[in-house]
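Colleague: Provided below for reference: sequence and predicted model.
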Amino acid sequence: MMMHFRASAVSRIKLSARRLSTTKSDIDSSQFLVTSRHRTNLIFGANTDVGKTLVSAGLVRQSLQKRFDYDTDAITRYIKPLQCGGSDEAFVRKHCSDLMKKYEGDGASDGIKSQLVTKTLFNWNTPSSPHAASLAELKPVSDKQVLDALIAELSYTHDESSGDFAKTTYVETAGGVLSPSSASPLNNRPHHAAAAAPSNENATSRWGWQTQADLYQPLVGQMPVVLVGDGRLGGISVTLSALESLVLRGYDVAAIILIESPDHDNVLAIREHVSRHMAIRSGSGERLFANPMQSILSLPPIPSDPNEPLDEWYASSDVTNTFRRLDSYLNESWEGQVADLNSLTSSGSDIMWWPFTQHGNLTNNEEPHDVTHIDSASGDDYIVLKNSHDYRCQQRVNMFDASASWWTQGLGHGNSTMALAAAAAAGRYGHVIFPQVVHAPAINLSHYLINENGPGDEWADRVFFSDDGSTAMEVAIKMGMKLYQKRMKVTDEQRDEMEWMVCAQAGCYHGDTLGVMDVAEPSVYNQAQTPWYESRGLFLETPTFGYRDGMLEITHPEGSEPTNGASSTFGSIRQAMDVGARMISRSLFSHYKETIELQWMVYEHSGGPRRKIGCVIIEPVLMGAGGMQFVDPLWQKALIEIAEARNVPVIFDEVASGLHRVGVVSCREIIRSNPDIACYAKLLTGGLVPMSVTLATEETFEAFLGDTKGQALLHGHSYTAHPVGCVSALHALEAYDAVLPDHDKSKGPRMWFDEDQVKSLSHLPLVDKAFTLGTVLAVTINSNDGTSGYDVPSPAVPIVEKLHGKGIFARPLGNVVYIMASPVTSNEECRRLAKILHEAIDEQGTSHVIPENDVT
């Protein structure tokens, strides 16, 4: 939210704010609203005992004073989510009592009392950190309980929101920024630290906790932070460390205030630090503390005698004026932030050119309904802002990221460990050039990829870095063609005379760069995109899996059905994926080989002696952009054997399917065959930054050895093996290994979705077939006219719209509706998602209007 949007937008909000009146019919009261009239600040302390509660009380006092001065109906609320020993709530109320007494004679006391709401959500008697108090008193409180209770307090009920008034809420945390939250056995997700269970609990039990900065991260966009710094000796370091911890987690730190010590002027040093030309920025890109004289303030020292009342301190002009300035700045900052939020959708429609989007079909008004405003993200969820029905405010809604952010999401959005790993690499290296260069992140990642836990285990020897999946495939094709020519001893003259082709799968998709666009049949993605497009290959129709009416079966290409009695039905997905067991009876495998060999021979011969297939490209098991089709791995094994018999290199495009997406690190575990070359991206860096790798055998590498530079692999990009990507990848890959529970590989790929729910989906009248593997659940929807593809109206669109209304952010893929979880999504959450998908399809029924389709 950039500052230059604000001047005109703020004035509009100030004019409309007086008319703001929201009723239950306007908005779902279970969600809290984002409006300039309702400001909430999260108060963090740089450490324990820096004066958070003193500052909270001062801000509450200022809000009450303002209410009386301007004769408004404003409500002020103070919320303490976690309290250990004592009562900060009682402190706040005590130090507001003088205001109530002061105005008692004017009859204002009752009004002030009724407009001050204070609440402690969870408390323990033990004066320690919440996690220690939870354990000591055997009073567990989970993260979900804390956030649910807090959001319930922040939600504006019908009675509260029906009047024309402002509301200010202060939420005060416990301890410092990275102090522990409360502990509970229910805090059992990968990001939780595990404390030993109390002595009377099961010895295997663990009470998980996380830092408070991580606990409240899901609310970063709607609760600007007031950071209470440390004014004592050493406080500059403590304050700036706390600030960086908050910024790293995406918080908007609106202001810093500290209580100065008599001999130190810490506020001056902090202002100087943030005033450098290299600005501190929030996760939204906005410069923080653009005016440090207004946003970084100090309070005079408190009385040295702890028994001396603070009434005179609070009533002093210095303290009163400082809190008045801070309150005014927080109001102005929040109004500007809301103005920016309100303008983003229309601004984006005016300036952005979105991928895979026909802008001519977008709603042509100032607030288009078909543009989604993602304000932040946390875990599996997007935090989306939606306009109320009358456009007078916005509603904050959590939506599950069902496309895994185009299949990249690995450890969850807003993961502070990922952010810290990337920041560490950025801080140490930034970016450095790579030709004939080594650095530890690239070397360590390369070793990981080709060793025991990596996708290149037992076959790969070399790692080539590039920037995305499409580029990785461009590199792979260069490698594959050169390797084939070396194997077959093709001379340069012969090479130039040949018509080089690939063998790939029908409906495949390997990226949007010009070379790999040619490795596909004509489609909406390539044919009209460039006049240079020329399909260059044999594209084999594939047999695919799916549940139909509760039966798991293979759908064979028309005209390629087996006639040798081979079975095409299975009792379970595990059975279907057990290629080793299926090879015992080789009838279907033999049928596949015969069919492929015939097609291969006919294709090469039809092109004359110049046509030659130089490499085979496979999307192992899952064809993602091809419509979430699950290809029979036995068929792919047959294709690999045929390629190997002809000395044709095999390339695995595992950009989408690799690294646990379908329940295995590499699909070679399912197919039981090794490639010569393989490509990985998407999940590689945990969904944080773009990077890809092309793994290759030593034989492939040696094909490029020679005496001249022209014989080398002349491919690269400016950010090859960038350290931020390498460290992010190392962190993500090791995290997958650490957080995924032990799995018996003999039971087949790891499964996230429940197979019985998939069977149930396949019985719905609208469903053609349904299937799941790993983190992917895909449902193909019947079309009324039997058509499919990306350039025809899709029956999946209205179902996706229903999912949006149910809190699932999905996107149609042709006539397929899919949900893609992350490797750290729980099985319980996947069961919930599958249930909602079932409801959405069932509600759509058999009679529906098919709208114009968005191709992704």
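Modeller: Cool, got the structure. Residues are numbered from 1 along each chain as shown.

Colleague: surely residue 59 is in a helix?
Modeller: Yes: under DSSP: H, G, I helix; E, B strand; the rest coil, residue 59 falls within a helix.

Colleague: pLDDT score assigned to it?
Modeller: pLDDT for residue 59: 96.

Colleague: correct me, but it touches residue 327?
Modeller: Yes: counting by CB atoms under 8 Å, residue 59 does reach residue 327; the two are 6.4 Å apart. In this view, the C-beta of every residue, glycine as well, is placed from N, C-alpha and C.

Colleague: and these two? Which one has more around it.
Modeller: Shown here are residue 59 and residue 327; by other CB atoms under 10 Å, residue 59 has more neighbours (24 against 21).

Colleague: and for the more buried one, nearest residue in space, chain neighbours not counted?
Modeller: Nearest residue to residue 59 in three dimensions, chain neighbours excluded: residue 170, at 5.6 Å (CB to CB, 6 or more residues apart in numbering).

Colleague: the one you found: how many residues sit nearby?
Modeller: By other CB under 10 Å, the residues close to residue 170 number 25.

Colleague: quick one, what contacts residue 729?
Modeller: 445, 684, 685, 686, 691 (CB atoms under 8 Å, 6 or more residues apart in numbering).

Colleague: quick check, nearest of those to residue 821?
Modeller: residue 686 (14.3 Å; CB to CB).

Colleague: my read is that that closest one contacts residue 418, right?
Modeller: Yes: contact criterion CB under 8 Å: residue 686 and residue 418 qualify, at 5.3 Å.

Colleague: looking at the two, which has the bigger crowd around it?
Modeller: Between residue 686 and residue 418, residue 686 has the larger neighbour count (other CB under 10 Å), namely 29 against 23.

Colleague: okay, and residue 463 sits in which element?
Modeller: strand 462-466 (DSSP states H and E).

Colleague: circling back to that earlier point, so what sits against both of residue 686 and residue 418?
Modeller: Contact criterion CB under 8 Å, 6+ apart; residues shared by residue 686 and residue 418: 411, 728, 731, 732.

Colleague: out of those, who has the most neighbours?
Modeller: residue 728 leads the shared contacts of residue 686 and residue 418 on contacts (other CB under 10 Å) with 28 neighbours.

Colleague: mind listing what that one touches?
Modeller: Neighbours of residue 728 in contact, by CB under 8 Å, 6+ apart: 418, 421, 422, 425, 685, 686, 688, 689, 691.

Colleague: number of residues surrounding the last one?
Modeller: I take that to be residue 691. 25.

Colleague: from memory it sits against residue 720, does it?
Modeller: No: between residue 691 and residue 720 there is no contact under CB under 8 Å: 9.4 Å.

Colleague: what sits in contact with each of those two?
Modeller: The contact sets of residue 691 and residue 720 overlap at 465, 467 (CB under 8 Å, 6+ apart).

Colleague: just flag the most distant two among the contacts of residue 729.
Modeller: 445 and 686 (12.5 Å).

Colleague: so, low pLDDT: which residues of this structure?
Modeller: For the chain, residues meeting the criterion pLDDT under 70 lie at 1-31, 71-73, 100, 102-114, 156-165, 197-205, 363-369, 388-392, 784-793, 846-856.

Colleague: so residue 780 lies in a helix, does it not?
Modeller: No: under three-state DSSP, residue 780 falls outside any helix and is assigned strand.

Colleague: tell me what it is bridged to.
Modeller: On the basis of DSSP bridges, residue 780 is bridged to residue 769, residue 816.

Colleague: do you know how far it is from residue 238?
Modeller: 57 Å (CB to CB, to the nearest Å).

Colleague: show me where the stretch 501-650 of the chain has helices.
Modeller: Counting by DSSP state H, counting those that start in this stretch, the stretch 501-650 of the chain has helices at residues 514-517, 573-577, 579-582, 587-606, 633-645.
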